[in-house]
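Visitor: can't give you the sequence, but here's the structure:
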């Protein structure tokens, strides 16, 4: 039996030096939108921030559903590029 993924849920990620970043997502939310939201939380330009899954950067064109973010939310991280 599979767990049902809520239509809308809250992604919560600890960002060192910036505390918890929280944002509501749906399965169609683009990764680029998440990156913009995280950058805003960090008071950084979007280009300066990357969203990673298990240490690998995720493309902006991907969606919450395409990268299976709900089941992988524990391996999401955000960092400044460079």
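Guide: Everything's here; your move. Everything quoted here is computed from the prediction, not taken from an experiment.
Visitor: From here on, just use CA atoms for contacts and neighbour counts.
Guide: Noted.
Visitor: Give me the mean pLDDT for stretch 73-82.
Guide: Average pLDDT, stretch 73-82: 94.
Visitor: Tell me which residues of that stretch come out buried.
Guide: 76, 77, 78, 79 (16 or more other Cα atoms under 10 Å).
Visitor: does the third one really touch residue 54, like I thought?
Guide: No: the pair residue 78 and residue 54 fails to qualify as a contact (Cα atoms under 8 Å) at a distance of 10.7 Å.
Visitor: quick one, strands of the chain?
Guide: Along the chain, the stretches classed as strands by DSSP state E are 8-15, 19-26, 49-53, 56-57, 76-80.
Visitor: Include distance to residue 37 when you put those strands into TSV, please.
Guide: Formatted as TSV, the strands of the chain follow (distance: least, Cα to Cα, whole Å):
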stretch	distance to residue 37
strand 8-15	11
strand 19-26	8
strand 49-53	10
strand 56-57	16
strand 76-80	11
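Visitor: Select, out of those strands, the one closest to residue 35.
Guide: Of all the strands of the chain, strand 49-53 sits nearest to residue 35, with 6.0 Å by Cα to Cα.
Visitor: who does that closest one pair up with?
Guide: With DSSP bridges as the test, strand 49-53 is paired with strand 56-57 (antiparallel), strand 76-80 (antiparallel).
Visitor: Redo those strands as TSV? Include distance to residue 31.
Guide: Formatted as TSV, these follow (distance: least, Cα to Cα, whole Å):
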stretch	distance to residue 31
strand 56-57	10
strand 76-80	11
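Visitor: how about those, which one is nearest residue 36?
Guide: Taking Cα to Cα, strand 76-80 is the member of the strands paired with strand 49-53 nearest to residue 36, at 11.1 Å.
Visitor: Do I have it right that residue 52 meets residue 76?
Guide: Yes: contact criterion Cα under 8 Å: residue 52 and residue 76 qualify, at 5.7 Å.
Visitor: Relative to residue 40, which of the strands paired with strand 49-53 is closest?
Guide: Residue 40 sits nearest to strand 76-80 of all the strands paired with strand 49-53, at 12.0 Å, using Cα to Cα.
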